[in-house]
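[1] Show me the folded form of this:
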Amino acid sequence: MRIRIGAFKLAKPNPRSSLAFAHDLAAVCVAWGAAFLLRFNFEVPPDFLPVLYLTIGWVVLIHAATFLSFRLYRGIWRYASIHDLKQLLIAVGIAALAVPTAMVLIHPHFLVPRSVYILHPILLAVLMGGSRVAYRAWKARSIGRLGSLDGKPVVVLGAGDAAASLLKDLSASREWRIIGLLDDDATKIGRQIHGATVLGSPGDLPGIVARYGVGDAIIAMPSASHQVRKHLVELCQKSGVRPLTVPSFEDLMGGKIAVSQIRHVELDDLLGRDPVVMDAPGLQALIEGQTVFVTGAGGSIGSELCRQIARFTPGQLILFELSEYALYQIEQEFREQFPHIRIVCVVGDVKNAARVDAVMSSHRPRVVFHAAAYKHVPLMETDNAWEAVRNNVEGTRVVGEAALRHGAERFVLISTDKAVNPTNIMGASKRLAEMVCQELQARGNTRFVLVRFGNVLGSTGSVIPKFHKQIAQGGPITVTHPEITRYFMSIPEASQLVLQASLMGKGGEIFVLDMGEPVRIVDLARDMIRLSGLGEKDIRIVFTGLRVGEKLYEELLADGETTLPTVHPKLRIAKPREQPLNLIRDLDALLTQDRQPSEQETRNVLLRWVTDYRPNWQQENVDSGSDPRSVRSEEEEGNSGGTSMVGGQGR
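    Below you'll find the predicted structure:
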């Protein structure tokens with residue numbers, strides 16, 4: 001049932017809205033009578049009493065129509081805001097002009113004192129606005145206390161805008177009881193924010209914990225550096241309280257999440273980096289309305305690339321993935337999160353030239369992101385070496401040539417820091433894939449852009465999920481070497497920089513991402529133990545020795561390479577050494593053969609073309625003073641009795 005009043009239509013009345021409407025009409029009556037009382041110093045002359053009684057009905061009717069026209073009853077008093085009060089004042093003001101006009105037209109013989117017309121809207125605004133503010137304060141339980149008396153005592157670290165928003169959101173919480181705030185700014189100590197007092201600096205946390213029995217501390221500094229967050233987490237752990245935090249600054253600014261959505265401190269918070277500045281207009285012009293093709297779309301990097309691409313509203317997004325389950329997962333996510341994006345889910349192998357060509361021919365993508373790869377170093381080093389080379393090199397050639405044939409404007413290869421002075425099959429195969437792209441660059445108008453970066457937090461097969469599992473099982477955490485280091489960045493940051501590089505690339509460049517400072521894996525393990533609320537006495541760290549193909553440290557640039565700065569502070573361009581001629585022609589017969597080469601034959605292929613490839617056994621000989629070239633020739637001679645791929649290709 002719907003109600004119409006003149007030109008105004010209301011939805012089916014809500015009991016609370018009806019009560020609020022009745023309250024406001026009662027306020028109109030009270031304010032009208034109070035205006036007469038104030039005008040005559042609380043002694044209304046008998047001659048004016050009929051004027052009061054006979055006009056009040058018209059005054060109520062005019063105000064009722066005005067309030068309904070401004071839709072004052074769509075809001076909820078508990079969440080009354082400045083916007084609601086503004087609407088209220090405008091409605092009262094309009095009614096204040098309408099009442100005297102109506103009185104002159106309807107009852108010109110009634111002489112309403114002019115001061116009544118002035119006093120009435122003032123009194124009405126106070127009554128209506130004051131009741132709303134009082135109701136909100138009562139419902140929020142912000143009168144006399146902050147949070148629930150039965151809630152868990154918590155202290156907030158930080159006294160800035162985020163802390164103020166957090167206190168405002170938590171004022172009605174039954175879960176928490178805010179004890180106070182701690183901030184490094186000495187000028188804030190003793191002052192209050194929404195009723196909560198700044199009790200001291202973060203260094204005073206142990207005393208606050210002992211005095212008030214605090215069990216949790218919320219770090220309300222979303223824009224603080226990761227060094228500051230790490231220091232505060234360590235302080236919480238030393239004080240025996242559980243560290244919590246508010247969402248990141250980027251999520252808050254993007255409106256994705258509310259300050260009140262408190263969460264546990266995660267590793268990303270301690271390894272956090274400055275947000276990526278993206279050329280949003282440029283990427284919008286490149287992607288909006290266009291077809292974008294992503295291989296490995298179900299993987300950790302590929303799926304995040306798809307999410308970032310979706311921000312720029314492509315006309316069509318081709319999700320190419322070998323794993324049916326991974327493709328199903330990303331398809332379900334996009335149906336729910338990005339229903340406005342048209343997606344095409346394709347099951348396929350990047351080595352299958354016919355399949356790739358058919359999809360490219362049908363959809364004609366403008367931009368191709370090639371993220372499909374085998375990347376797990378130990379798994380690819382033994383038993384799977386040839387598959388790693390075929391997938392990483394042949395797959396890149398197949399997708400790259402298809403992009404050329406079908407007029408793609410850009411082809412972006414996701415490479416790795418392990419391609420620099422590689423010591424393992426995975427790194428050497430990715431370096432060879434880079435070389436394939438650089439040769440393809442000279443064959444047409446497609447821009448081939450290569451992007452190298454290190455480890456990403458939480459990616460499939462990375463050390464972070466492994467450590468989480470080991471901690472959940474009670475330990476120990478296994479680390480290969482006490483001095484092993486790696487570069488880390490978050491998956492969203494890496495994907496954003498890949499997009500930025502795709503826009504900046506002119507063709508043939510190798511973009512190197514600024515990975516920050518290398519992190520010791522053992523320090524990473526200790527941080528994760530602390531974030532779990534445990535200590536090294538609870539979870540042991542065991543050193544197991546370097547695995548086959550593993551380096552102590554990763555490099556982002558090969559020997560002899562130089563980098564050039566770009567306009568983006570987190571992207572540099574590497575200038576590689578000269579390319580071998582006819583690389584793809586020589587590789588073609590090798591990579592498409594039916595027989596399964598041995599691991600050593602596979603290494604010989606890589607040693608032939610990737611001149612800076614030094615397998616672990618070679619590295620040991622280099623360290624011992626042996627000539628690595630003689631080692632390689634001895635290995636090749638040892639294979640001369642068999643079918644050597646190097647010899648078979650006319651080396």
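
[2] what is the rounded mean pLDDT of stretch 587-595?
    Mean pLDDT, stretch 587-595: 78.

[3] Sorry, wrong one. I was asking about stretch 64-81.
    Here the average pLDDT along stretch 64-81 is 74.

[4] what do you get for stretch 284-293?
    Stretch 284-293 shows a mean pLDDT of 94.

[5] How about stretch 366-384?
    For stretch 366-384, mean pLDDT is 89.

[6] For the stretch 101-250 of the chain, which segments count as strands?
    All strands of the stretch 101-250 of the chain, identified by DSSP state E, counting those that start in this stretch, fall at 152-157, 176-182, 192-193, 196-200, 216-219, 242-245.

[7] Compare these and report which one is nearest to residue 57.
    strand 192-193 (47.4 Å; Cβ to Cβ). All C-beta spots, glycine's among them, are computed from the backbone N, C-alpha and C.

[8] Okay, now the sheet partners of the closest one, with direction.
    Strand 192-193 has the following strand partners under DSSP bridges: strand 196-200 (antiparallel).

[9] Taking their axis directions, the partner strand and strand 176-182 sit at what angle?
    Our comparison of strand 196-200 with strand 176-182, counting by axes from the mean of the first three to the mean of the last three Cα atoms, to 10 degrees, yields an angle of 50 degrees.

[10] Now do the strands in the stretch 301-450 of the chain.
    Using DSSP E, counting those that start in this stretch, strands in the stretch 301-450 of the chain cover 316-321, 343-347, 367-370, 410-414, 447-452.

[11] Need these in a markdown table (columns: mean neighbour count and distance to residue 380).
    Shown next, in a markdown table, are those (neighbours: other Cβ atoms under 10 Å; distance: least, Cβ to Cβ, whole Å):
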| stretch | mean neighbour count | distance to residue 380 |
| --- | --- | --- |
| strand 316-321 | 24 | 19 |
| strand 343-347 | 17 | 23 |
| strand 367-370 | 27 | 18 |
| strand 410-414 | 25 | 16 |
| strand 447-452 | 25 | 18 |
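
[12] could you dump those to CSV with distance to residue 297?
    Shown next, in CSV, are these (distance: least, Cβ to Cβ, whole Å):
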stretch, distance to residue 297
strand 316-321, 4
strand 343-347, 8
strand 367-370, 9
strand 410-414, 12
strand 447-452, 17
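
[13] So, low pLDDT: which residues of the stretch 251-400 of the chain?
    Applying pLDDT under 70 to the stretch 251-400 of the chain picks out residues 251-277.

[14] Export the strands of the stretch 101-250 of the chain as a markdown table, with columns for distance to residue 362, mean neighbour count and mean pLDDT.
    Formatted as a markdown table, these follow (distance: least, Cβ to Cβ, whole Å; neighbours: other Cβ atoms under 10 Å; pLDDT from 0 to 100):
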| stretch | distance to residue 362 | mean neighbour count | mean pLDDT |
| --- | --- | --- | --- |
| strand 152-157 | 55 | 23 | 85 |
| strand 176-182 | 55 | 23 | 84 |
| strand 192-193 | 59 | 18 | 80 |
| strand 196-200 | 61 | 21 | 86 |
| strand 216-219 | 50 | 24 | 86 |
| strand 242-245 | 47 | 20 | 82 |
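
[15] mind putting the ones you listed in JSON lines, distance to residue 431 included?
    Formatted as JSON lines, those follow (distance: least, Cβ to Cβ, whole Å):
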{"stretch": "strand 152-157", "distance to residue 431": "46"}
{"stretch": "strand 176-182", "distance to residue 431": "51"}
{"stretch": "strand 192-193", "distance to residue 431": "55"}
{"stretch": "strand 196-200", "distance to residue 431": "55"}
{"stretch": "strand 216-219", "distance to residue 431": "42"}
{"stretch": "strand 242-245", "distance to residue 431": "40"}
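
[16] who wins for proximity to residue 129 among those strands?
    strand 192-193 (23.5 Å).

[17] who's in contact with the closest one?
    159, 163, 164, 167, 181, 198 (Cβ atoms under 8 Å, 6 or more residues apart in numbering).

[18] Please report how far the last one lies from residue 167.
    Applying Cβ to Cβ, to the nearest Å, the value for residue 198 to residue 167 is 11 Å.

[19] Of all the strands of the stretch 301-450 of the chain, which one is nearest residue 582?
    Closest among the strands of the stretch 301-450 of the chain, using Cβ to Cβ: strand 447-452, at 17.3 Å.

[20] And for that closest one, what's in contact with it?
    By Cβ under 8 Å, 6+ apart, strand 447-452 touches 400, 409-417, 419-420, 434, 437-438, 440-441, 497-498, 501-502, 505-513, 556, 574.

[21] Now with 6 Å, please.
    Residues outside strand 447-452 that contact it (Cβ atoms under 6 Å, 6 or more residues apart in numbering) are 410-413, 415, 417, 434, 437, 440-441, 498, 501-502, 505, 507, 510-512.

[22] How far off centre is that strand?
    Remark: strand 447-452 is offset 24 Å from the chain centroid, using Cα atoms, centre = their mean, to the nearest Å.

[23] now do stretch 327-338
    17 Å.

[24] Kindly format the C-alpha coordinates of that stretch as CSV.
    Output in CSV follows, covering the C-alpha atoms of stretch 327-338 (Å, rounded to 0.1, in the frame of the first residue of the first chain):
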residue,chain,number,x,y,z
LEU,A,327,39.5,-21.1,-14.1
TYR,A,328,36.3,-22.0,-12.3
GLN,A,329,37.3,-20.1,-9.2
ILE,A,330,38.2,-16.9,-11.0
GLU,A,331,35.1,-17.2,-13.2
GLN,A,332,32.9,-17.4,-10.1
GLU,A,333,34.7,-14.4,-8.5
PHE,A,334,34.2,-12.3,-11.5
ARG,A,335,30.5,-13.2,-11.9
GLU,A,336,30.0,-11.9,-8.3
GLN,A,337,32.5,-9.0,-8.0
PHE,A,338,32.6,-7.7,-11.6
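
[25] Return the set of buried residues in it.
    327, 330, 331, 334, 338 (16 or more other Cβ atoms under 10 Å).

[26] ok, so of the contacts of strand 192-193, who is nearest residue 95?
    residue 164 (35.1 Å).

[27] and that closest one, what is it in contact with?
    Counted by Cβ under 6 Å, 6+ apart, residue 164 has contacts residue 193.

[28] any chance you could map the helices in the stretch 1-150 of the chain?
    Per DSSP state H, counting those that start in this stretch, the stretch 1-150 of the chain carries helices over the ranges 15-39, 49-69, 82-106, 114-139.

[29] Who are the packing partners of the longest one?
    Right, the one you point to is helix 114-139. Helix 114-139 sits against helix 15-39, helix 82-106, with contacts defined as 3 or more Cβ pairs under 6 Å, 6 or more residues apart in numbering; DSSP states H and E.

[30] and these, which is most packed in?
    Comparing the helices and strands packed on helix 114-139 by mean neighbour count (mean count of other Cβ atoms under 10 Å), helix 15-39 comes out on top with a mean of 17.
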